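Participant: Need coordinates for the following:
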Amino acid sequence: MLLIFIGILIGRFVLPPGSAALPGTIAHQLLSWDGRHYYYIMRFGYSWNPNVGELPGHYQQIEFFPVQPILDEMIRWITGSRAPILMVLLSLGLGIASIYAMDHVSRSVMTLSEARWTTIFFALWPVSSFYVMGYPTGLITICIIFCLGDHNAGRYWRSAAWCGLGTATAPTMVFVAFALGLHRLVRWLAEPRKAAAIPGLVGWGIVCIWGILGFMIYQAFRFHDPFAFSKAAAAWGGAPPFGPRLSRLFEPDWYTQQAAAGLREIDHGLGIFHLDLRKAANSIQFGVQRWINTATMLVVLIGLIAATVSLSRRAPIFVLAGWTVFAGYLWFIVSTDQNMLAAPRLLMPAVALFMGLGWLSTKLPHPLSYALGLGLSIVSIAEVAFAAGGYWVV
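Facilitator: Purely as a prediction, here's the structure:
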């Protein structure tokens with residue numbers, strides 16, 4: 001909470017207004033980017049125009065999954081108000097709840113010291129801005145944490161229910177569902193009575209994706225197209241052909257170029273600083289965001305490798321789901337023109353990374369862990385400041 005408060009003060013009173021700065025209250029400013037779409041759905045419901053649905057820049061709300069706007073509507077019904085501050089407080093509350101969920105589940109599979117460090121890194125991860133922007137970030141991680149915790153404990157049907165709820169919250173959960181299915185498949189192959197278990201496995205698999213199935217059925221009835229949400233994603237940028245996309249995935253130079261782009265944007269901003277403060281600030285901010293994404297990718301890789309070493313026996317499903325989410329993110333960044341962005345938010349569902357960092361912190365000198373925690377805190381403050389100042393936040 002302190003990091004968020006400091007970030008809001010810096011964004012409102014220190015930074016020059018960003019390109020997306022809005023008049024009005026801080027709640028109006030924070031409820032921006034994707035948060036505005038969720039707010040629109042809560043007020044007016046879903047819409048879909050197939051004539052412009054796949055054109056870049058023609059954003060439509062059907063791209064956004066329904067659980068967050070349903071919760072927003074419940075808050076509106078309870079309070080009788082559509083004030084943006086209520087949506088901001090809802091996402092903040094879910095973000096705080098996700099920290100407690102991470103602490104609870106990590107204690108069930110790790111030592112107390114490892115779990116404490118895990119919770120610290122999870123809480124300091126630079127997604128604090130999304131906790132106050134009306135995003136479902138906290139809700140997504142709650143679903144994933146309890147889903148994986150229940151699966152690891154052998155409570156497969158409860159795990160499937162959490163997973164299904166998650167698939168109605170964000171598409172990222174599909175990669176977690178894939179990990180669950182792969183893990184159950186391996187266990188099924190080792191069972192002596194395979195045929196008898198098939199009906200239960202099929203039913204369990206359906207429950208794992210009940211949320212996205214329900215969303216698709218809704219679209220089929222409402223818009224006569226169960227894949228409208230997928231087609232609407234094209235508005236955020238087209239994908240190259242499959243061949244170049246695949247070659248990007250395994251091309252180290254491509255990732256290096258993405259990181260180097262940040263330096264060019266910062267240099268450009270500094271060059272025009274005396275001519276146009278607002279353009280300069282936006283260019284510098286965007287370059288800093290690219291560096292944040294590059295650093296995040298490195299930290300995530302370290303965390304997942306550490307989790308693989310330390311948790312493969314204690315909590316294998318956390319490790320498997322972490323890598324499937326990471327693979328899904330890599331496919332996303334090579335499949336759109338947004339490139340290596342949104343890493344902190346889209347890789348947070350790989351919760352094994354925090355457990356790996358937590359385990360690593362008990363093996364390394366404490367000053368290294370303190371330095372990582374301090375770095376994450378500074379970046380978290382910066383992200384909240386960018387959001388409050390009207391800048392694009394990854």
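Participant: all helices for the stretch 101-250 of the chain, in order.
Facilitator: Counting by DSSP state H, counting those that start in this stretch, residue ranges of the helices within the stretch 101-250 of the chain are 112-124, 128-131, 137-152, 156-167, 173-189, 194-208, 210-223, 228-232, 242-249.
Participant: Output the contacting helices and strands for the one helix or strand residue 317 maps to.
Facilitator: Secondary structure assignment for residue 317, by DSSP states H and E: helix 316-335. Judged by 3 or more Cβ pairs under 8 Å, 6 or more residues apart in numbering; DSSP states H and E, helix 316-335 is in contact with helix 137-152, helix 173-189, helix 242-249, helix 277-311, helix 343-347, helix 352-361. For the C-beta atoms, the positions are set from N, CA and C on the backbone; glycine is no exception.
Participant: With mean pLDDT added, can I get these in CSV?
Facilitator: Output for the helices and strands packed on helix 316-335, formatted as CSV (pLDDT from 0 to 100):
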stretch, mean pLDDT
helix 137-152, 96
helix 173-189, 92
helix 242-249, 72
helix 277-311, 87
helix 343-347, 83
helix 352-361, 96
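Participant: Burial-wise, tell me which of the ones you listed comes out on top.
Facilitator: Mean neighbour count (mean count of other Cβ atoms under 10 Å) peaks for helix 352-361 among the helices and strands packed on helix 316-335, with a mean of 27.
Participant: what angle do it and helix 112-124 make?
Facilitator: Interaxial angle, helix 352-361 versus helix 112-124 (axes from the mean of the first three to the mean of the last three Cα atoms, to 10 degrees): 130 degrees.
Participant: any idea how far residue 86 is from residue 123?
Facilitator: From residue 86 across to residue 123, the span is 24 Å (Cβ to Cβ, to the nearest Å).
Participant: So which of these two has more stuff around it?
Facilitator: Using other Cβ atoms under 10 Å as the criterion, residue 86 and residue 123 rank with residue 123 on top: 21 against 18.
Participant: Near the residue lying closest to the more buried one once chain neighbours are set aside, how many other residues are there?
Facilitator: Among residues not flanking residue 123 along the chain, residue 99 sits closest, at 4.8 Å (Cβ to Cβ, 6 or more residues apart in numbering). The number of residues packed near residue 99 is 20, by other Cβ under 10 Å.
Participant: Name the helix or strand for residue 99, please.
Facilitator: helix 84-109.
Participant: Between helix 277-311 and that helix, find me the angle.
Facilitator: Here the directions of helix 84-109 and helix 277-311 differ by 20 degrees (the same axes, to 10 degrees).
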